[in-house]
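Undergrad: Build me a model from this:
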Amino acid sequence: MRILMRFLLLASLAVLVGQPVLARGCSPDRLAIRGPWGRADFSVELANTNASRERGLMFRKSLPRFSGMLFIFKRPQRAMFWMKNTLIPLDMIFIDKTGLVRRIHENAIPHDLSIIDGGRHILAVLEVNGGLTKSLGLTVGSQVQSPVFGPSALWPCP
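TA: Next up is the predicted model:
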């Protein structure tokens, strides 16, 4: 009963601040990011096939605040994106195989065909609403927790 009450209290607080609560443990459709600025939890859609990575968030008219799309590559590589057919501004968070945030591109412009280069050795890219990384204070060097990064991650799943 005490554990249930604690969970309900945390869930109520999360609703008040507008942020989802993650259950203990990791799942592919959730991830957490932490750093000196604090912590944020996200619900994510996975883009882990060529077709899903090519489509990404194209044609979406909106994206819930603490939601995003996690692009996962088969192996670390140079990650380059564009905003073709993307209707909303996005922040792109480029993450290496250890779950370390290597680069953040803020407020990518809808429909812009300019290449956004996330650099080399990138295993995953998290796209979220434009301006969210700045409002959270999220910084390069932050750590991401997700099963995508495996047991050797800087912040492994429990």
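Undergrad: drop to CA atoms for contacts and neighbour counts, all remaining ones
TA: Fine.
Undergrad: Can you give me the neighbour number for the residue lying closest to residue 74 once chain neighbours are set aside?
TA: Spatially, and ignoring its direct neighbours in sequence, residue 74 is nearest to residue 123 (7.5 Å; CA to CA, 6 or more residues apart in numbering). The number of residues packed around residue 123, counting by other CA atoms under 10 Å, is 23.
Undergrad: So residue 123: helix, strand or coil?
TA: When classified by DSSP: H, G, I helix; E, B strand; the rest coil, residue 123 comes out as strand.
Undergrad: Over to residue 41?
TA: Three-state assignment for residue 41 (three-state DSSP): strand.
Undergrad: Do I have it right that it meets residue 29?
TA: No - counting by CA atoms under 8 Å, residue 41 sits too far from residue 29 to count as a contact (10.9 Å).
Undergrad: For the residue at minimal distance from the centre of the chain, pull up the helix or strand it's in.
TA: Using CA atoms, centre = their mean, the residue of the chain that lies closest to the mean C-alpha position is residue 126, 3.5 Å off. In this structure, residue 126 sits in strand 122-129 according to DSSP states H and E.
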